[in-house]
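Student: I'd like to go over a predicted model; first the sequence, then the structure.
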Amino acid sequence: DTEVTQTPKHLVMGMTNKKSLKCEQHMGHRAMYWYKQKAKKPPELMFVYSYEKLSINESVPSRFSPECPNSSLLNLHLHALQPEDSALYLCASSQQTSVLDTQYFGPGTRLTVL
Amino acid sequence: QQQVKQSPQSLIVQKGGISIINCAYENTAFDYFPWYQQFPGKGPALLIAIRPDVSEKKEGRFTISFNKSAKQFSLHIMDSQPGDSATYFCAATRYYGNNRLAFGKGNQVVVIP
């Protein structure tokens, strides 16, 4: 099973709302990633967790707050977002953070900020 | 600053033809070059990858050619099929790095029957 699941599939939120994106994998992977992807653009790395600890934060604004409650779960908490934050948010996981460890991507959450 | 440049932006190929996508990089510290395939509504999936100690790698109908001196690499899709219609991203990273990928801008390939 090489599946990474993400919920919800679509999310529409206002600029004052608080919402969360959820990502789950049961492959025993110890590295998990959040990416942001705009239409017709490549994914942009936001955060990397390794063994449930945040190892990379790509200078992401504080209105995005990641959380890794356990080795299978990754959340992205959203608060006071801007319309330009509308994008596809992709979660990925890999065995560890070695380059030989293939990153398996989920289908993404399509976020629209009004 | 785009660390990996990808061309062309889009490509239309007849079924059975060859699709060729080119990428170029600047950072000589890069030494691992994966290609990702993304279908609409899905996340990217690793297709094939190469290290610069070989000039070519083939997996089925997909071949990566690598030119270290020119800092260029390309993906060839032989006998292109309509099911290959997708967006293809080249990427580059450091083999002993932390799996941080520098992606190209992507190339939309459409294979017409």
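Tutor: All right, it came through fine.
Student: where exactly do the strands run in chain A?
Tutor: If you assign secondary structure with DSSP state E, the strands in chain A sit at A:4-7, A:10-13, A:18-25, A:31-37, A:44-50, A:53-57, A:64-70, A:73-79, A:87-94, A:104-105, A:109-113.
Student: got a markdown table for those, with mean pLDDT too?
Tutor: Formatted as a markdown table, the strands of chain A follow (pLDDT from 0 to 100):
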| stretch | mean pLDDT |
| --- | --- |
| strand A:4-7 | 96 |
| strand A:10-13 | 95 |
| strand A:18-25 | 97 |
| strand A:31-37 | 96 |
| strand A:44-50 | 94 |
| strand A:53-57 | 91 |
| strand A:64-70 | 96 |
| strand A:73-79 | 97 |
| strand A:87-94 | 95 |
| strand A:104-105 | 91 |
| strand A:109-113 | 96 |
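Student: who wins for proximity to B:Leu47 among the ones you listed?
Tutor: strand A:104-105 (12.3 Å; CB to CB). Bear in mind the C-beta positions are built from the backbone N, C-alpha and C, glycine included.
Student: what's in contact with that closest one?
Tutor: The contact list for strand A:104-105 (CB atoms under 8 Å, 6 or more residues apart in numbering or on different chains) reads A:2-4, A:25, A:27, A:29, A:35, A:43, A:90-94, B:42-45.
Student: just the buried ones from those residues, in ChimeraX syntax?
Tutor: Selection command for ChimeraX covering only the buried members of those, criterion 16 or more other CB atoms under 10 Å in any protein chain shown:
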select /A:4,25,29,35,43,90,91,92,93,94 /B:43,44
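Student: look up phi and psi at the residue nearest to B:Tyr32 when sequence neighbours are not counted.
Tutor: Leaving aside its sequence neighbours, B:Tyr32 sits nearest to B:Tyr95 (CB to CB, 6 or more residues apart in numbering or on different chains; 4.4 Å). Dihedral pair for B:Tyr95: phi -60, psi -40, per degrees, to the nearest 10.
Student: next to chain A, which bits of chain B? Give me the list.
Tutor: Residues of chain B found near chain A (CB under 8 Å from any CB of the partner chain) are B:32, B:41-46, B:87, B:89, B:91, B:93-101, B:103-106, B:108.
Student: give me that answer again for 10 Å
Tutor: Contact residues, chain B versus chain A (CB under 10 Å from any CB of the partner chain): B:2, B:4, B:6, B:9-10, B:31-32, B:34, B:36, B:38-39, B:41-46, B:49, B:51, B:87, B:89-91, B:93-106, B:108.
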